[in-house]
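Q: Please find the sequence and the predicted model below.
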Amino acid sequence: MEYQVPQFIEVEDKIFGPLTIKQFIYLAGGIGIAAAAVLYLPFIFGIMVALPVGAFAAALAFYKINGKPFIDIIEAGFNYYMNRRLYLWRKEQEVAQEKADIAAMTEVSMVAPPPREKLGLSGSKLHELANSLDSRNMNTIP
């Protein structure tokens, strides 16, 4: 038996001309609220209410951020502000102990290291040793 596997399942169907059902509902609601505000409030106040409502409805219908609908971004922001957050802190004793450890480490590092033992090589002996090593390598190369 062969079954047809649906493709393009992430694309919503266009129901009302070029608009999906969600876009149509957002725009119809925004236009309805804006019309009610202009009709029932004084004209200046109605326009002041209608413009933000219309802009919000248009953003809900068409605006996407990183390929996600604007309603998902609003939902994520709402959940962020409403949910509890986990804050972690360190107790004062631990912080004081760390400061003491850091201070002890800086004191130790300020002390000069002990002097190194001399190998008994002077500048001329070191120069002779370098020349002998160089001359050996020259003699072994074919």
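A: Everything's here; your move. Residues are numbered from 1 along each chain as shown.

Q: tell me which residues in the one helix or strand residue 75 maps to are buried?
A: Using DSSP states H and E, residue 75 maps to helix 70-82. Buried residues in helix 70-82, counted by 16 or more other C-beta atoms under 10 Å: residue 70. Using the backbone N, CA and C atoms, a C-beta is placed for each residue, glycine as well.

Q: Please work out the average pLDDT along it.
A: What helix 70-82 shows for mean pLDDT is 93.

Q: please begin residue numbering at 51 from this point
A: Fine by me, first position is 51 from now on; the one you just mentioned is helix 120-132.

Q: Identify the residues contacting residue 74.
A: 65-66 (C-beta atoms under 8 Å, 6 or more residues apart in numbering).

Q: That one and residue 65, how far apart?
A: 7 Å (C-beta to C-beta, to the nearest Å).

Q: Tell me the pLDDT of residue 105.
A: Reading off the model, residue 105 has pLDDT 96.

Q: Please apply the same query to the one 4 residues further on.
A: Note for residue 109: predicted pLDDT of 95.

Q: again, but for residue 156
A: For residue 156, the pLDDT comes out at 66.

Q: again, but for the one 5 residues further on
A: With respect to pLDDT, residue 161 has a value of 57.

Q: Is residue 55 part of a helix or strand, or is it coil?
A: With DSSP: H, G, I helix; E, B strand; the rest coil as the basis, residue 55 sits in coil.

Q: What's the local residue count around it?
A: Per other C-beta atoms under 10 Å, the neighbour tally for residue 55 reads 6.

Q: That one and residue 81, how far apart?
A: For residue 55, the distance to residue 81 (C-beta to C-beta) stands at 39 Å.
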